[in-house]
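S.K.: coords please:
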Amino acid sequence: MLDKIRMDIMIRMANRRVAGMRWKDGVGPRVSKLLDRIGQRTHQYRAHRAGEFNYQVVGGEHGSMHSVDFSIHTCICRRWQLSGLPCVHAICAIYAKKQDPAYYVDECFFQSKYMDAYNPIIMPIVGEDDWTPVNYPIAPPPYKIQPGRPKMKRMKEAGEKLAPPAPNTSALGTSRMSRSQYVNMTCQICHQKGHNLKGCPRNKASTSNSQVGTVSRSKSGTKRKMAREPKNASNPKRPKTSRQVQITSKEKLKRLQDGGKIPKPASTRRRSKPAKSQSVEGPTPSPIPACTSQATQASQTSEYTAF
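M.R.: As a prediction, the model looks like this:
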């Protein structure tokens with residue numbers, strides 16, 4: 001079939017090439033007949049020259065006036081611009097110039113353009129019997145990856161019965177698979193397969209026990225709050241320890257003899273650094289001589305302890 005189409009086109013182009021060489025007026029015979037038919041009505045009009053390329057054409061049934069411009073091949077009726085052939089007004093002005101209307105047709109009607117269109121030659125080929133045998137395998141055509149997700153289902157033929165929908169279908173009618181059917185899930189709590197952290201039975205039991213202040217509805221429809229567990233039921237409060245460190249009287253006496261001060265007990269709580277202020281200190285006790293009596297030492301010790 002393809003070879004027959006090739007032969008028909010080859011013969012047609014050869015015949016058109018021969019016919020184009022027989023043209024006489026520089027345009028086709030159909031164009032020449034059409035120009036002669038339009039020129040037969042020019043006796044109704046009269047052309048008046050306005051310039052080298054401009055003419056005023058008056059006439060017709062109603063005595064209308066038309067302007068023709070040969071420099072740009074236009075007429076006020078616009079038939080020359082639409083068809084490419086001079087209208088009756090333009091041909092009347094061409095006859096007034098004593099020229100051939102075929103010279104003012106569009107270039108597409110020229111003999112030179114016609115020959116350029118049919119100049120290429122389709123070369124003849126030999127028959128299938130004279131072809132050179134080739135043992136190479138036929139290569140498949142290049143495959144171009146199409147945009148989007150590839151379709152996995154084949155296209156149904158006309159009249160083919162569709163498969164019944166799956167029981168688990170979405171709102172659009174397409175079948176869906178649960179995530180556990182195509183994903184191997186492993187739980188992080190019990191390390192078993194088949195479920196994840198949300199579906200673990202241990203997690204469900206722990207969450208049900210840890211729910212505090214949940215709201216339940218009775219049969220009558222009223223809300224009823226469940227009993228709330230204490231906040232720190234598992235971690236009871238520790239008894240507060242005294243921040244003051246008890247210092248024995250012997251340690252105080254020893255520090256007073258050395259001329260030192262009794263420091264305040266350090267607090268275990270972390271506090272922000274206070275602003276610097278002048279601390280008021282009492283008089284520094286003088287050291288007790290070793291030769292004093294025990295009664296004098298006891299009285300001084302009680303006096304400084306009271307201070």
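S.K.: pLDDT below threshold where in the stretch 51-200 of the chain?
M.R.: 163-182 (pLDDT under 70).
S.K.: Could you give me the buried positions within stretch 41-53?
M.R.: By 16 or more other Cβ atoms under 10 Å, the buried positions in stretch 41-53 come out as 42, 45, 47. For glycine as for every other residue, the C-beta is placed from the backbone atoms N, C-alpha and C.
S.K.: any chance of those in JSON lines, plus distance to residue 33 and pLDDT?
M.R.: Below are these laid out as JSON lines (distance: Cβ to Cβ, whole Å; pLDDT from 0 to 100):
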{"residue": "42", "distance to residue 33": "16", "pLDDT": "92"}
{"residue": "45", "distance to residue 33": "21", "pLDDT": "93"}
{"residue": "47", "distance to residue 33": "23", "pLDDT": "93"}
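S.K.: And those residues, which is closest to residue 150?
M.R.: residue 42 (69.9 Å; Cβ to Cβ).
S.K.: Check which helix or strand the nearest residue to that closest one once chain neighbours are set aside maps to.
M.R.: Leaving aside its chain neighbours, residue 42 sits nearest to residue 92 (4.3 Å; criterion: Cβ to Cβ, 6 or more residues apart in numbering). Using DSSP states H and E, residue 92 sits in helix 88-97.
S.K.: what's downstream of that helix, the next helix or strand?
M.R.: helix 111-117.
S.K.: buried set for that following helix?
M.R.: For helix 111-117, a neighbour-count test (16+ other Cβ under 10 Å) marks 111, 114 as buried.
S.K.: Could you tell me the end-to-end distance of stretch 123-138?
M.R.: 26 Å (Cα to Cα, to the nearest Å).
S.K.: And the contacts of it?
M.R.: Residues outside stretch 123-138 that contact it (Cβ atoms under 8 Å, 6 or more residues apart in numbering): residue 10.
S.K.: Which strands and helices lie in contact with the lengthiest helix in the chain?
M.R.: Counting residues, the longest helix found in the chain (DSSP state H) is helix 2-20. Other elements packing on helix 2-20 under the criterion 3 or more Cβ pairs under 8 Å, 6 or more residues apart in numbering; DSSP states H and E are helix 111-117.
S.K.: for the helix it packs on, packing partners?
M.R.: Packing partners of helix 111-117 (3+ Cβ pairs under 8 Å, 6+ apart): helix 2-20.
S.K.: moving C-terminal of the helix it packs on, what's the next helix or strand?
M.R.: helix 29-39.
S.K.: So which of the buried residues of stretch 41-53 is the closest to residue 22?
M.R.: residue 42 (28.3 Å).
S.K.: give me phi/psi at that closest one?
M.R.: Main-chain torsions, residue 42, degrees, to the nearest 10: phi -70, psi -10.
S.K.: give me every residue that touches it.
M.R.: Counting by Cβ under 8 Å, 6+ apart, residue 42 touches 88, 91, 92, 95.
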